[in-house]
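Novice: Following is a predicted model, sequence given first.
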Amino acid sequence: MSEETILIVGAGHAGVQAAVRLREVEWGGRVVLIDPDGHVPYERPPLSKDFLKHGASDDVPPLRRDGYYQEKGIELVAARAARINPVQRRVLLATGAELGYTKLILAPGSAARTLTVPGAELAGIHQLKTREDALALKQSLVPGARVAIIGAGYIGLEVAAAAAALGCETTVLEFQDRVMSRVTSGPVSRFFEQLHGAHGTRFVFGAAVTEIRGEGKVEEIVTADGTVYPADVVVAGIGVVPLEGLAAQAGLHTEDGVVVDADSRTSDPHIYAAGDATRLICAEEGISRRLESIQSAVAQAIDAANHIMGATAAQREVPWFWTIQHGVRLQTAGLRHPDDDVVVRGDAGTAPFSVLYLRDGRLSAIDTIGSLKDFTQGKKLIAAGAAVDPRLAADPTIKLADAVRDLVAERS
């Protein structure tokens with residue numbers, strides 16, 4: 001290898017950001033971005049939102065403008081990485097070509113979890129991860145279609161909103177007892193259940209799908225209690241799995257994700273990883289988590305590039321997430337625990353309102369429904385480890401910053 005080269009496997013948000021940051025911190029060698037999809041890298045969030053709307057373009061916004069990669073000297077290689085040789089520091093592509101690297105950044109992302117019940121191979125069953133997935137789903141969402149969505153997480157509910165708006169008869173089957181149960185609390189779940197219900201979506205909770213039936217194409221879904229739900233279209237929104245196989249083959253430490261430290265380093269000193277495929281483990285901070293968020297993917301990519309170049313590490317940002325359903329934006333900052341104290345700020349039945357999560361008196365997370373001001377202030381207070389007065393915080397006429405209290409003084 002005559003020239004120092006950084007290979008990046010994966011051209012999603014993490015992979016592209018790593019390439020961009022390397023040029024920003026003046027890496028002078030080659031930057032090679034290996035893209036298994038073979039497209040110009042594109043935005044993923046619109047696939048379950050605007051892309052599905054009536055009359056929306058089949059084009060997806062690119063992650064960078066036309067000509068950007070050429071201008072920055074970032075090489076795009078349309079191929080799948082098949083194997084890593086960490087001893088020789090080479091990556092074998094599915095095309096048979098080999099590329100050597102000085103450093104390697106893995107950003108393969110995640111794959112949509114697939115259904116494993118009988119009938120899962122029938123036509124008319126969709127998942128949503130790529131532009132091709134979204135295009136196939138979009139073509140099936142016609143007025144009057146009976147759409148059954150398995151899973152009431154972000155993706156499931158965003159698709160439900162799109163389907164209902166397009167005139168589909170929409171049913172959501174959820175194993176848990178409320179929507180978005182993994183990511184939010186009861187008040188937020190109830191608000192969004194009512195929002196979707198007002199647009200005609202039917203929810204069935206405690207529904208365990210056991211079989212999908214049809215003659216060549218899906219016709220109905222069967223749940224564990226024997227109930228049959230007619231369906232022309234089925235969407236599986238049951239989560240994702242990290243694409244850790246390439247890393248595991250190379251002997252890297254994996255644990256439901258490629259294990260990385262705070263600098264995005266893997267167990268191999270020449271290999272970094274970023275994005276949905278990773279699990280951050282930091283013994284000092286007591287962290288072991290895998291986040292599926294663009295913000296986290298971008299931050300990890302920047303951390304990897306900074307560490308490679310010896311640049312100052314970026315200040316760690318509070319994790320944040322968002323979704324839009326029927327025009328209502330839910331923004332979340334921080335990571336709630338089920339046993340956090342819950343404080344509703346405003347009327348939980350009417351937007352805008354917010355829900356605060358307190359842990360040992362300190363703000364650990366916040367959900368905001370249509371309240372950018374609360375989101376911005378809450379994110380800062382979480383980063384500062386601020387303690388808040390729950391009585392003051394519950395009053396939406398009082399700024400969140402004015403609800404901060406001094407726990408140390410109170411306990412002394």
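Specialist: Great, that's in hand.
Novice: neighbouring contacts of the strand or helix carrying Ala164?
Specialist: Element membership of Ala164 [criterion: DSSP states H and E] is helix 154-165. The contact list for helix 154-165, computed with Cβ atoms under 8 Å, 6 or more residues apart in numbering, reads 48-49, 52-54, 128, 137, 141, 145, 147, 149-150, 152, 170, 172, 174, 179-180, 183, 192, 196, 199-201, 233, 235, 237, 321, 323-326. All C-beta spots, glycine's among them, are computed from the backbone N, C-alpha and C.
Novice: what about burial for these, which qualify?
Specialist: Taking 16 or more other Cβ atoms under 10 Å as the criterion, what is buried in the contacts of helix 154-165 is 48-49, 52, 128, 137, 141, 145, 147, 149-150, 152, 170, 172, 174, 179-180, 183, 192, 196, 201, 233, 235, 237, 321, 323-326.
Novice: what helices or strands is the biggest helix by length in the chain leaning on?
Specialist: Criterion DSSP state H: the longest helix present in the chain is helix 294-309. Using 3 or more Cβ pairs under 8 Å, 6 or more residues apart in numbering; DSSP states H and E as the contact criterion, the elements in contact with helix 294-309 are helix 13-24, strand 103-106, strand 271-273.
Novice: quick one: the strands in the stretch 1-150 of the chain?
Specialist: In the stretch 1-150 of the chain, the strands defined using DSSP state E, counting those that start in this stretch lie at 5-9, 30-35, 74-78, 81-85, 90-93, 98-100, 103-106, 110-112, 125-126, 146-150.
Novice: so of these, which one's packed in deepest?
Specialist: Of all the strands of the stretch 1-150 of the chain, strand 103-106 has the most neighbours on average by mean count of other Cβ atoms under 10 Å, namely a mean of 28.
Novice: Could you list the paired strands of that one along with their orientation?
Specialist: When pairs are called by DSSP bridges, strand 103-106 turns out to pair with strand 5-9 (parallel), strand 271-273 (parallel).
Novice: Whichever helix or strand comes after the shortest one to helix 294-309, inter-axis angle?
Specialist: Past strand 271-273, further along toward the C-terminus, the next helix or strand under DSSP H and E is strand 278-282. Orientation note: strand 278-282 sits at an angle of 70 degrees relative to helix 294-309 (axes from the mean of the first three to the mean of the last three Cα atoms, to 10 degrees).
Novice: tell me the angle strand 278-282 makes with helix 13-24.
Specialist: Using the same axes, to 10 degrees: strand 278-282 against helix 13-24 is 70 degrees.
Novice: Strand 278-282 pairs with which strands, parallel or anti?
Specialist: Going by DSSP bridges, the partners of strand 278-282 are strand 258-260 (parallel), strand 287-289 (antiparallel).
Novice: which regions of the chain sit below the pLDDT cut-off?
Specialist: Along the chain, the model assigns pLDDT under 70 to residues 1-2, 406-412.
Novice: What segments of it are helices?
Specialist: 13-24, 68-71, 131-140, 154-165, 186-198, 245-249, 294-309, 372-384, 390-393, 407-411.
Novice: got the contact list for Ile84?
Specialist: Neighbours of Ile84 in contact, by Cβ under 8 Å, 6+ apart: 90-92, 104, 246-247, 249-250, 271.
Novice: what does Pro86 give?
Specialist: By Cβ under 8 Å, 6+ apart, the neighbours of Pro86 are 250-252, 268, 270-271.
Novice: re earlier: highest mean neighbour count out of the helices and strands packed on helix 294-309?
Specialist: strand 271-273 (a mean of 29).
Novice: thinking again about what came up before, tell me which of the strands paired with strand 278-282 sits most buried.
Specialist: Scoring these by mean neighbour count under mean count of other Cβ under 10 Å gives strand 258-260 as the most buried, with a mean of 27.
Novice: quick one: the residue nearest to Gly251 when sequence neighbours are not counted from Glu219, how far?
Specialist: Distance criterion Cβ to Cβ, 6 or more residues apart in numbering; nearest residue to Gly251, sequence neighbours excluded, is Pro86 at 6.5 Å. In this view, Pro86 and Glu219 are 49 Å apart by Cβ to Cβ, to the nearest Å.
Novice: what do you get for Glu132?
Specialist: Distance, Glu132 to Glu219, by Cβ to Cβ: 24 Å.
Novice: neighbour count winner among these two?
Specialist: Counting neighbours by other Cβ atoms under 10 Å for Glu132 and for Glu219 shows that Glu219 has the greater number, 18 against 11.
Novice: Please list all residues in contact with the closest residue to the more buried one other than its chain neighbours.
Specialist: Spatially, and ignoring its direct neighbours in sequence, Glu219 is nearest to Arg213 (5.9 Å; Cβ to Cβ, 6+ apart). For Arg213, the contacting residues are 119, 219-222, by Cβ under 8 Å, 6+ apart.
Novice: Sort out which residues of stretch 327-339 are buried, please.
Specialist: Neighbour count says stretch 327-339 has 329-336 buried, by 16+ other Cβ under 10 Å.
Novice: What of stretch 163-183?
Specialist: For stretch 163-183, by 16+ other Cβ under 10 Å, it's 163-166, 168-175, 178-181, 183.
Novice: if we can go back for a sec, list the contacts of the longest helix of the chain.
Specialist: Under Cβ under 8 Å, 6+ apart, the answer for helix 294-309 is 6, 12-18, 21-22, 24-27, 44-45, 103, 105, 107, 260, 262-265, 272-276, 278, 280, 311-314, 316-317, 319-321.
Novice: swap in stretch 134-147?
Specialist: Residues contacting stretch 134-147 (Cβ under 8 Å, 6+ apart): 47-48, 51-52, 56, 58, 60, 124, 126, 128, 159-160, 162-163, 166-171, 230-235.
Novice: switch to 7 Å and redo it
Specialist: With contacts defined as Cβ atoms under 7 Å, 6 or more residues apart in numbering, stretch 134-147 is touched by 47, 51-52, 58, 126, 128, 162-163, 166-170, 230-233, 235.
Novice: TSV please, covering the helices and strands packed on helix 294-309 and showing distance to Thr350.
Specialist: Below are the helices and strands packed on helix 294-309 laid out as TSV (distance: least, Cβ to Cβ, whole Å):
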stretch	distance to Thr350
helix 13-24	34
strand 103-106	45
strand 271-273	43
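Novice: for Val179, phi and psi?
Specialist: phi -80, psi 150 (degrees, to the nearest 10).
Novice: I'd assumed Glu193 was in contact with it.
Specialist: Yes: using Cβ atoms under 7 Å, Val179 is in contact with Glu193, at 5.2 Å.
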